[in-house]
Structures are given as C-alpha cells and as structure tokens.
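Engineer: For reference, the sequence and a predicted model appear below.
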Amino acid sequence: MECSEADCERPVAVELHIPWAENRYVCAAHARVLGQQDGVVPDPIVDNGDELLESER
C-alpha cells in the first residue's frame, strides 16, 4: 500500500489517528511531519517496520 499523501509513492509505515478527520496511512517521512500536530497520534505499522528507516532510492 502507498502513502495516502498526494504525489507520494513511498510505502505506508504509520497510521495517523487524527481526531478531526479520518485516519491516514502514510510513509515515515509524512508521519514525522504530520505527527507533530496537536492531537495526532502516530501508530507504527509493525509489519512495515523496515519502512520506518529511510533508505536511498
């Protein structure tokens, strides 16, 4: 599964629980940015743990 953010093809690594909107499944890079908003809870997806570590593409 790919990141839900527009124009991002990275694999999903985190589910973001967002109180004011639907949950999002995003890559590690987007999770780092979006997870800093107040109230947002990042939940790493254990099966995709390797995707939490960015690698050169």
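Structural biologist: Looks like it arrived, so ask away.
Engineer: Can you tell me, leaving aside adjacent residues, what's nearest to Glu5?
Structural biologist: The shortest distance from Glu5 to any non-neighbouring residue, by C-beta to C-beta, 6 or more residues apart in numbering, is to His30 (5.0 Å). The C-beta positions use only the backbone N, C-alpha and C, and glycine is treated the same way.
Engineer: So that neighbour sits against Ala6, correct?
Structural biologist: No. Applying C-beta atoms under 8 Å as the test, His30 and Ala6 come out as separate, 10.3 Å apart.
Engineer: More neighbours: these two, which one.
Structural biologist: His30 (20 against 5; other C-beta atoms under 10 Å).
Engineer: That one belongs to a strand, doesn't it?
Structural biologist: No. His30 is assigned helix when assessed by DSSP: H, G, I helix; E, B strand; the rest coil, not a strand.
Engineer: Distance check, it against Trp20.
Structural biologist: 17 Å (C-beta to C-beta, to the nearest Å).
Engineer: now stretch 22-34, how far from the chain's geometric center?
Structural biologist: 3 Å (C-alpha atoms, centre = their mean, to the nearest Å).
Engineer: For it, give the mean pLDDT please.
Structural biologist: The average pLDDT within stretch 22-34 is 95.
Engineer: can you start the count at 21 instead of 1 from here on
Structural biologist: Let's use 21 as the start, then, which means that last one is stretch 42-54.
Engineer: Flag every buried residue along it.
Structural biologist: Applying a neighbour-count criterion of 16 or more other C-beta atoms under 10 Å, one finds Arg44, Tyr45, Val46, Cys47, Ala48, His50, Ala51, Leu54 buried in stretch 42-54.
Engineer: Report the contact partners of the fourth one.
Structural biologist: So the one you mean is Cys47. By C-beta atoms under 8 Å, 6 or more residues apart in numbering, the contact list for Cys47 reads Cys23, Glu25, Cys28, Arg30, Pro31, Val32, Ala33, Val34, Glu71.
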